[in-house]
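Enquirer: Next comes the sequence, and after it the predicted model I'd like to discuss.
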Amino acid sequence: MTTRSTRSPRRRTVVALGVVLIVLCAFVIRLVDIQVVNAQENIDNAMSHGLSTTKVLAGTRGEIVDDDGTPLAVGTLSYTCQFSPNIVRTLTLHDTDGKEVKVTWDEMSQKIAEITGQNVDDLRTVVSDALVDNPKSQYAPLAKDLTTEQYRKITALGADYVACSPKAARTYPNGAVAGNLIGFMNAEGKPGAGLEDQYNQCLTPTDGKLTFQNGKDGVIIPGTETETPADDGGTLKLTIDADLQWYMQQLAEQATKEMGAQYATITVLDVKTHKLKAAAEYPTVDPNNYDAKGSFLNSHIFNSQFEPGSTFKGITAATLIDTGAATPTSTAEVPWVKHFSNGAVVNDAFRHGVSNYTLAGALMDSSNVGASIFSERTSVKTRYEYLKKFGIGDGSAIHFLGETNGIVHSYQDWDNQMRYDTSYGQGLTTTVPELLTAYQALIDGGVKYPIQLVDSCTKADGTVVTPTLPKAERVISEKTSAQMREIFENVALQSNSYADMVKIPGYRLGVKTGTGQIAENGHYKSGVYYTTMIGFAPADDPQYLIAVTLDEPTKVRSSTANAPTFVKAMTQVLKTYRVMPTTTKPTMLPKFG
Amino acid sequence: MSSQAATARPLSAPSGRPQSRPERRLRALELPAFRRRPRLLYGLVAVAAALGIVGAQMVLSVMSTQSSYELARLNSQHHELTLQKQVLDDELTGLSSPQYLAANASALGMVVDKTPSYLRLSDGKILGAQKAASSKSAITLGKGSVANELIADTPLVTDPEATIQGDEKQTTSTTENVTPVPVTDGLPTVRTH
């Protein structure tokens, strides 16, 4: 079929087609190179010529909420406004009817001053000073930290020489409630203390950005936006109940003032969940106004240690009972001053003849000599090991910012006096969280659990991060714990100094007090003490454990000073959590043998 | 290309015919004009389609530009509403605080009972102190000792003459609208534009 006449045009066609294809391929390759391979580079190159605008999409700092979600710290916006003095002039504006009105600088500055609450003369001076310095000045500060309402009023004035920009701010709706725990955000927007600082990583947002090209009228050109959304900060959920916390703080202030103390703390632990429901103290801080006079920016609960005094007789008694060295009804001859054979001297806070105290009785009357004599029934090594097992000196699993640990010297370093002092809480120090942890183990079955202040951090994408907690450890047997509950209940019923004060009708309570000496420059302060009352209810099945501490009460100098506050605190807790009154009767233990 | 193919066919046709019917060497050529008419129709269709596409493109472009203006308007409305929400939020923060609640309760003469009693519904027995509350509160409620700067100057709902500090009301424009407006005709709306 192929003849000479047909071959020639066909070859031409094929050649032409081939050339077209090659050129087409070249174009396609180049197109792919521009549009796909080097696309980003080319776009960036184009955008660098001022074609695009990038806007930072600010994420919001996460909230701090209490156990039922009540916000304690929220992110909000404040506004900073400034003048451009170089264009300050009489403005021609349109009123609501569309008529033209002239507004002079004098009138405008008057209106602005009314909104911001500043002195109008100051405003005018700021602008005129800026113009004197530099006639082309584009900046003079107007005001900062303006509210949204003020910002809206200012923008509504229509003055083109005023510009405002928003700034992330922090508001604490409940003021000083849990102020010492939460901390605050300082003027630079950085966390200043407390949980704001400790959990900054959870709360900090990640900024996003919006890149777009806009037309002359500022409208975004369709299809040119690329958005990287901002990630808001996580929500930090505490175990604290805001209402209860407020009540306890009010009570702490009252206790401090009524007793003429330096400071007071009231801490409430839910025994079943090991979560703190309130950690109140006075003095405190309103994070909305943290540099106000009298603000205390740290937390005495977590950042202070103290010599506990007689609350540690509970640990000594538990050690003796758990090792089988004594029972609650074991007896000893106890004088009010005892000179031990090794030279140590111990005396009681009250005078009495030689009494045949039971172990329980020694705790009821809080006899130092009694605790010292009973402590001889076990070795110092065992007592030291039990102190460590109860967690004394180890701080708490909360790891609060700057949390202090108690100090317990190794038993090999205990001198003749210290081997007795440690049995009634002298010669060592502890902290409120350590004391709560130890007592929780003492009264609730003998197992030590880590106590909690932070429940969880919920990230913006919904993932919930809970703090990693150390394992629970058995410290004493369940039987010893039950006996300790009985002893503490009998302390509340039969104490020689506060039995009539520690009473809540319808409920069974267990308590122990401590009056610790305060060391200063290597000596004990004279006549002033650090007093503690720790107690729980209901005594037969503990649900809440409360520690009330006072630093240097002067009206009543012993731990009896804490009793009225403890009772009020416990009453409120039982009421808040609807704990049913008990109908069972306590077992009475003999005080004397 | 198509015209080449069209001319090629009539040329090849005669070369095949003489083999089958050698007796007839001459015959009338088919009329090429008959084939030209559909080509015009195709052309018209193609041009119309091209115009249609261009037209649709323009309409779509106008619409997307239009909707980008709509989008811009809605964005600014959204911004405006966000600001309004912020203003209202600012006014409300602090009002839910326990301090404000307690101060309001105290202004009504309420106290915290020192020794609460409980009524057991099953047998009607009263548990606890079995006494009426005394006039003295377990803790002071009125004075805001647990400070809250947000509501320091906010008048109380239950006693508009007083603030949480117990002072006489300090009239400022920012706190005036905090007292609730009685709802007479449905929910009040914000009159802003």
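Expert: Cool, the structure landed.

Enquirer: For chain B, which residue gets nearest to chain A?
Expert: Closest to chain A within chain B is residue B:148: 2.5 Å, counting by C-beta to the nearest C-beta. To be clear about C-beta, it is placed using only N, CA and C from the backbone, and glycine gets the same treatment.

Enquirer: quick one: the strands in the stretch 101-250 of chain A?
Expert: Counting by DSSP state E, counting those that start in this stretch, the stretch 101-250 of chain A has these strands, from start to end: A:140-146, A:162-171, A:208-213, A:226-228, A:235-238.

Enquirer: Residue A:196 contacts residue A:183, doesn't it?
Expert: Yes: using C-beta atoms under 8 Å, residue A:196 makes contact with residue A:183 at a distance of 4.0 Å.

Enquirer: hmm, back to that, ramachandran angles for the residue of chain B closest to chain A?
Expert: Residue B:148 has phi and psi values of phi -150, psi 100 when expressed as degrees, to the nearest 10.

Enquirer: Now do the lengthiest helix in chain B against strand A:162-171, angle only.
Expert: The residue-count maximum for a helix in chain B (DSSP state H) belongs to helix B:33-92. Helix B:33-92 runs at 60 degrees relative to strand A:162-171, counting by axes from the mean of the first three to the mean of the last three C-alpha atoms, to 10 degrees.

Enquirer: Show the pLDDT at residue B:20.
Expert: pLDDT for residue B:20: 56.

Enquirer: Revised request: answer the last question for residue A:114.
Expert: At residue A:114, the pLDDT recorded in the model is 88.

Enquirer: next one: the one 5 residues further on
Expert: According to the per-residue confidence, residue A:119 scores 86 in pLDDT.

Enquirer: Number of residues surrounding the nearest residue to it once chain neighbours are set aside?
Expert: Among residues not flanking residue A:119 along the chain, residue A:113 sits closest, at 6.7 Å (C-beta to C-beta, 6 or more residues apart in numbering or on different chains). Residues lying near residue A:113 (other C-beta atoms under 10 Å in any protein chain shown) number 18.

Enquirer: I'd like the next helix or strand past the host helix or strand of residue A:16.
Expert: Per DSSP states H and E: residue A:16 is located in helix A:4-32. Downstream of helix A:4-32, the first helix or strand assigned by DSSP H and E is helix A:39-46.

Enquirer: got the CA positions of that next one in CSV?
Expert: In CSV, the C-alpha atoms belonging to helix A:39-46 read as follows (Å, rounded to 0.1, in the frame of the first residue of the first chain):
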residue,chain,number,x,y,z
ALA,A,39,6.5,25.5,44.0
GLN,A,40,7.1,26.6,47.5
GLU,A,41,10.4,28.3,46.6
ASN,A,42,8.6,30.3,43.9
ILE,A,43,5.7,31.2,46.1
ASP,A,44,8.0,32.3,48.9
ASN,A,45,9.9,34.3,46.3
ALA,A,46,6.7,36.0,45.1
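
Enquirer: what does chain B put close to chain A?
Expert: B:64-65, B:67-69, B:71-72, B:83, B:86-87, B:89-91, B:93-94, B:96-99, B:102, B:112, B:114-116, B:118, B:127-130, B:138-140, B:145-151, B:174 (C-beta under 8 Å from any C-beta of the partner chain).

Enquirer: out of those residues, which are buried?
Expert: Buried subset of the residues of chain B next to chain A (neighbour count, 16 or more other C-beta atoms under 10 Å in any protein chain shown): B:68, B:72, B:83, B:86-87, B:90-91, B:93-94, B:97-99, B:102, B:112, B:114-116, B:118, B:127-129, B:138-140, B:145-151.

Enquirer: Now do the end-to-end distance for stretch A:444-453.
Expert: Across its full length, stretch A:444-453 reaches 19 Å between end residues, using C-alpha to C-alpha, to the nearest Å.

Enquirer: same check, this time on stretch A:76-94
Expert: 33 Å.

Enquirer: most centrally placed residue in chain A?
Expert: In chain A, the centroid-proximal residue (C-alpha atoms, centre = their mean) is residue A:181; its distance is 3.2 Å.

Enquirer: re the thing from before, quick one: the helix holding residue A:16 to helix A:39-46, angle?
Expert: Using the same axes, to 10 degrees: helix A:4-32 against helix A:39-46 is 60 degrees.

Enquirer: Touching, residue A:214 and residue A:220? I think so.
Expert: Yes: the criterion here is C-beta under 8 Å, and residue A:214 meets it with residue A:220 at 5.3 Å.

Enquirer: thinking again about what came up before, what residues sit buried inside the helix holding residue A:16?
Expert: Buried residues in helix A:4-32, counted by 16+ other C-beta under 10 Å: none are found.

Enquirer: same check, this time on stretch B:102-109
Expert: For stretch B:102-109, a neighbour-count test (16+ other C-beta under 10 Å) marks B:102-107 as buried.

Enquirer: Which residues does that stretch contact?
Expert: Contacts with stretch B:102-109, where a contact means C-beta atoms under 8 Å, 6 or more residues apart in numbering or on different chains, come from A:246, A:250, B:137, B:141-142, B:144, B:156-159, B:162, B:164.

Enquirer: Now, of the residues you listed, which are buried?
Expert: A:246, A:250, B:137, B:141-142, B:144, B:156-157, B:162, B:164.

Enquirer: and which of those residues is nearest residue A:57?
Expert: The closest of the buried ones among the contacts of stretch B:102-109 to residue A:57 turns out to be residue A:246 (C-beta to C-beta; 36.2 Å).

Enquirer: Contacts only, for the closest one.
Expert: Residues in contact with residue A:246 (C-beta under 8 Å, 6+ apart) are A:174, A:177, B:97-99, B:102, B:146.

Enquirer: redo that, cut-off 6 Å
Expert: Residues in contact with residue A:246, defined by C-beta atoms under 6 Å, 6 or more residues apart in numbering or on different chains, are A:177, B:98, B:146.

Enquirer: Residue A:543 now?
Expert: By C-beta under 6 Å, 6+ apart, the contact set of residue A:543 is A:271, A:579.

Enquirer: can you list the weak-confidence ranges in chain B?
Expert: For chain B, the stretches flagged by pLDDT under 70 are B:1-23, B:31-38, B:142-144, B:166-193.

Enquirer: Run a quick check on the residue of chain B closest to chain A versus residue A:177, I expect a contact.
Expert: No: under the criterion of C-beta atoms under 6 Å, residue B:148 makes no contact with residue A:177, lying 7.7 Å away.

Enquirer: Alongside chain B, which residues does the stretch 451-593 of chain A contribute?
Expert: A:505-506, A:568, A:575, A:581 (C-beta under 6 Å from any C-beta of the partner chain).

Enquirer: Repeat the analysis, applying 8 Å as the threshold.
Expert: So the stretch 451-593 of chain A meets chain B at A:504-506, A:568, A:571-572, A:575, A:580-581 (C-beta under 8 Å from any C-beta).

Enquirer: circling back to that earlier point, of all the contacts of residue A:246, which comes closest to residue A:62?
Expert: For the contacts of residue A:246, the minimum distance to residue A:62 (C-beta to C-beta) is 18.4 Å, reached by residue A:177.
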